[in-house]
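K.L.:
Need coordinates for the below:
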Amino acid sequence: MPATDAEIAKLSFEDALKELEQIVDKLEKGTVGLEESIAIYARGEALKTQCNDLLRNAEQRIEKISLAADGRPSGTEPLDVE
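P.N.:
Alright, predicted model coming up:
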């Protein structure tokens, strides 16, 4: 299961999240030994970082539509990201 950070960086949000969910499930069930638990936990951290980065990038691309006084769309402006 080991993969480099470069391989994880190529994963889509959906694929990274799916694998992260599988890791969490294994850790919660306790079906893996200590050494494997440590290894998959580290991979889970890398997957979590990938998901966070992809979400942050998506948020930066989102724009909200601004409306004119008559309610018609008049343009876009950046989404307020906190």
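
K.L.:
just checking, what packs against the longest helix belonging to the chain?
P.N.:
Longest helix in the chain, counting residues (DSSP state H): helix 34-61. On a contact count with 3 or more CB pairs under 8 Å, 6 or more residues apart in numbering; DSSP states H and E, helix 34-61 meets helix 5-9, helix 13-29. In short, each C-beta sits where N, CA and C put it, glycine included.

K.L.:
Kindly reformat those as JSON lines containing distance to Lys64 and mean pLDDT.
P.N.:
Output for those, formatted as JSON lines (distance: least, CB to CB, whole Å; pLDDT from 0 to 100):
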{"stretch": "helix 5-9", "distance to Lys64": "29", "mean pLDDT": "90"}
{"stretch": "helix 13-29", "distance to Lys64": "21", "mean pLDDT": "97"}
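
K.L.:
Please work out which of those helices is packed deepest.
P.N.:
Sort the helices and strands packed on helix 34-61 by mean neighbour count, taking mean count of other CB atoms under 10 Å, and helix 13-29 sits at the top with a mean of 15.

K.L.:
what does that one rub up against?
P.N.:
With contact meaning CB atoms under 8 Å, 6 or more residues apart in numbering, helix 13-29 is reached by 8, 11, 32, 37, 40-41, 43-44, 47-48, 50-51, 54-55, 58.

K.L.:
quick one, it and helix 34-61 angle?
P.N.:
Going by axes from the mean of the first three to the mean of the last three CA atoms, to 10 degrees, helix 13-29 is angled at 150 degrees with respect to helix 34-61.

K.L.:
shouldn't Lys64 be in contact with Thr76?
P.N.:
Yes. At 6.8 Å, Lys64 counts as touching Thr76 under the criterion of CB atoms under 8 Å.

K.L.:
so who does the spatially most central residue of the chain touch?
P.N.:
Most central in the chain under CA atoms, centre = their mean is Cys51, positioned 1.5 Å from the mean C-alpha point. Residues in contact with Cys51 (CB under 8 Å, 6+ apart) are Phe13, Ala16, Leu17, Leu20.
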